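> For reference, the sequence and a predicted model appear below.
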Amino acid sequence: MHRNCRTHPDNFCYVCGLFCVKSQRRPITNQLKNIYKLYFECPLSDQDKSWAPHVICTSCSSGLRYWLNNRKVSMPFAIPMVWREQKNHLDDCYFCLIDITGFSAKNKHALVYPDLDSARWPIPHDISLPIPIPKPQQIKIGSDMVEDVHADSTGANYVPEDELLEPQTFTQGELNDLVRDLDLSIDRAELLASRLKQKNLLDKDVLVSHYRKRNFDLAQYYTTDGPLCYCNDIEGLYVNLLQEHSSSDWCLFIDSSKRSLKAVLLHNGNLKPGVPIAHSVYLKETFVNLQEVLEAIQYKTHLWNICGDLKIIGLLMGLQQGFTKYCCFLCLWDSRATGEDYKKCDWPKRTYEVGKTNLQHSPLVDPNKVFLPPLHIKLGLMKTFVKTMGKTNSAGFLHLVGKLPKLSEAKLKE
């Protein structure tokens, strides 16, 4: 599954699977491939695949050579690391599940390595997996290989092994991943595939016209009704995406911009990508439009938790728009009582009675299903709070400066 992993595969040894720093990495030469086959009785393959490591650590490299020359009894294991193509990057990618940030040769022993279907741990020697003993003819072959390598590498016509590799062709899946990573449109994706086809860089079964119909599998789950496009079968869509759908694991995010109104299902914890289920370039943020969106996606059937900005939440709760007196959907905070903003802590809980406290409509969703807006949304509250302290030489302002010593003078003057 070709896609940018969290950690590059070449940070790990192909044989033992352990993380190795740059100074401990060695290229996999033909000599090592032959010794690998003699010891483990299987070829060292997958070097033409992007999802497997292409280096070997110094420990395994010297260990294999020492074993062949009878300078070492055996390797630490009978079956080396077994690599397979990853199914996904969430729970079946060895390189995405390991974070090597901050680790070096001194503390890399503290890393925790997962045992996955795509990356099986080495198996140590036991009675059923005895230690192999190199035969005399194998030792002779190994010494001849060492001499050939040294002779070739010092010759005038020496060419590094990496430069002798043949071009690798793209499969349909690898090309699809590349198009997605580059965020290409249908026309540009087809142009890229056509250019790669001219250079013979695509497999024979790759279709250049594949991207003209790439949305056909998912189009059946969406319906266009007037200005709104929405998902008509949430469960069927998730089955097609090979995902499990549980309303408690996903939240509904509704937002709008100058160009569109959209509704997206976000996974709690952001472990899975979002799934768009409604979109319109004509509808605006109004109570009636949000009611139409919720009915179209059958919200009452799924009852997801809802997240959005303060304007969206206010509309869902049926609040009056504009600079109203009671604009909070949680309590009866009085926006007109400016003198009480930073003095009064306890405000009465909001009651959802239509016609009172700036409530125009009955709430569209259960208030207990509403999440507070993300904290990164800039509301300007802290800036307003600091301005109410008065002059920069006031006791409150000086106390704040002492708590935040890294603030620049320019920030303080604001």
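Good, I have the coordinates.

> which outside residues touch stretch 90-99?
1, 5-9, 11-12, 17, 19, 86, 89, 111-114, 116-119, 271-272 (CB atoms under 8 Å, 6 or more residues apart in numbering). Every residue, glycine included, has its C-beta placed from N, CA and C.

> Go again with 6 Å.
With contact meaning CB atoms under 6 Å, 6 or more residues apart in numbering, stretch 90-99 is reached by 5-7, 9, 86, 89, 114, 116, 118-119.

> Same check on stretch 292-305?
Applying CB under 6 Å, 6+ apart, the contact partners of stretch 292-305 are 230, 247, 250-252, 263, 277-278, 364, 369, 371.

> Next: stretch 263-275.
249-251, 253-254, 276-278, 293.

> what's the span of it from first residue to last?
Distance across stretch 263-275, first residue to last, is 9 Å (CA to CA, to the nearest Å).

> so how far is that stretch off the chain centroid?
On the basis of CA atoms, centre = their mean, to the nearest Å, stretch 263-275 sits 11 Å off its chain's mean C-alpha point.

> how about the strands of the stretch 201-350 of the chain, start to end?
Assigned by DSSP state E, counting those that start in this stretch, the stretch 201-350 of the chain shows strands spanning 222-225, 228-231, 250-256, 261-267, 275-280, 305-307.

> Just give me the neighbour total for Glu353.
Number of residues near Glu353 (other CB atoms under 10 Å) recorded here: 9.

> what pairs with the nearest residue to it once chain neighbours are set aside across the strands?
Spatial nearest neighbour of Glu353, chain neighbours left out: Leu359 (6.5 Å); criterion: CB to CB, 6 or more residues apart in numbering. Beta-bridge partners for Leu359, by DSSP bridges, are Leu319.

> how near is Leu359 to Asp183?
Counting by CB to CB, to the nearest Å, the separation of Leu359 from Asp183 is 43 Å.

> same thing with His245?
Noted for His245: a distance of 26 Å to Asp183, by CB to CB.

> For Pro9, which non-adjacent residue is spatially closest?
Pro53 (4.7 Å).

> Can you list the low-confidence ranges for the stretch 201-350 of the chain?
For the stretch 201-350 of the chain, the stretches flagged by pLDDT under 70 are 342.

> Mind jotting down where the helices sit in it?
Ranges of helices in the stretch 201-350 of the chain, per DSSP state H, counting those that start in this stretch, are 216-219, 234-240, 287-296, 299-302, 310-316.

> same check, this time on the stretch 1-150 of the chain
Using DSSP H, counting those that start in this stretch, the helices of the stretch 1-150 of the chain run over 30-40, 58-68, 136-154.

> and His245 and Asp183? which has more neighbours close in?
The neighbour comparison of His245 against Asp183 (other CB under 10 Å) goes to His245, with 16 against 8.

> Turn the helices of the stretch 201-350 of the chain into a markdown table, columns for distance to Lys199 and mean neighbour count.
Below are the helices of the stretch 201-350 of the chain laid out as a markdown table (distance: least, CB to CB, whole Å; neighbours: other CB atoms under 10 Å):
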| stretch | distance to Lys199 | mean neighbour count |
| --- | --- | --- |
| helix 216-219 | 28 | 10 |
| helix 234-240 | 34 | 15 |
| helix 287-296 | 46 | 17 |
| helix 299-302 | 48 | 13 |
| helix 310-316 | 49 | 20 |
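
> These into JSON lines, with extra columns for distance to Lys49?
Output for the helices of the stretch 201-350 of the chain, formatted as JSON lines (distance: least, CB to CB, whole Å):
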{"stretch": "helix 216-219", "distance to Lys49": "26"}
{"stretch": "helix 234-240", "distance to Lys49": "27"}
{"stretch": "helix 287-296", "distance to Lys49": "44"}
{"stretch": "helix 299-302", "distance to Lys49": "40"}
{"stretch": "helix 310-316", "distance to Lys49": "46"}
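
> closest to Arg259 out of these?
Of all the helices of the stretch 201-350 of the chain, helix 287-296 sits nearest to Arg259, with 14.9 Å by CB to CB.

> Okay, angle between the closest one and strand 250-256 too, please.
Taking axes from the mean of the first three to the mean of the last three CA atoms, to 10 degrees, helix 287-296 and strand 250-256 form an angle of 150 degrees between their directions.

> all strands for the stretch 1-150 of the chain, in order.
Using DSSP E, counting those that start in this stretch, the strands of the stretch 1-150 of the chain run over 25-27, 55-57, 82-83, 119-120.

> tell me the most buried of those?
strand 55-57 (a mean of 23; mean count of other CB atoms under 10 Å).

> That strand pairs with which strands, and in what direction?
Note on strand 55-57: by DSSP bridges, its sheet partners are strand 25-27 (antiparallel).

> Around the closest residue to His125 other than its chain neighbours, how many other residues sit close by?
Spatial nearest neighbour of His125, chain neighbours left out: Ala78 (4.5 Å); criterion: CB to CB, 6+ apart. Ala78 is flanked by 19 other residues according to other CB under 10 Å.

> quick one, what contacts Ala78?
Going by CB under 6 Å, 6+ apart, Ala78 touches 123, 125, 129.

> Does the first one have any beta-bridge partners, and if so which?
The residues listed as beta-bridge partners of Ile123 by DSSP bridges are Ile79.

> these two touch, right, it and Pro80?
No. Using CB atoms under 6 Å, Ile123 makes no contact with Pro80, being 8.7 Å away.

> Which one's more surrounded, the two?
Counting neighbours by other CB under 10 Å for Ile123 and for Pro80 shows that Pro80 has the greater number, 23 against 14.

> Hmm, Trp121 and the more buried one touching each other?
No. Pro80 is beyond contact range of Trp121, at 9.7 Å (criterion: CB under 6 Å).

> tell me the mean pLDDT over whichever strand or helix holds Arg188?
Taking DSSP states H and E as the criterion, Arg188 maps to helix 186-198. Average pLDDT, helix 186-198: 90.

> and if you look at stretch 103-115?
pLDDT averaged over stretch 103-115 gives 88.

> coming back round to it: next, format the contacts of stretch 263-275 as CSV and append distance to Trp333.
CSV is the format used below for those (distance: CB to CB, whole Å):
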residue, distance to Trp333
Asp249, 33
Trp250, 31
Cys251, 25
Phe253, 25
Ile254, 23
Pro276, 34
Ile277, 33
Ala278, 31
Val293, 28
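
> Highest neighbour count among those residues?
Using other CB under 10 Å as the neighbour test, the contacts of stretch 263-275 are led by Ile277, with 24 neighbours.

> Fine by me, we can end here.
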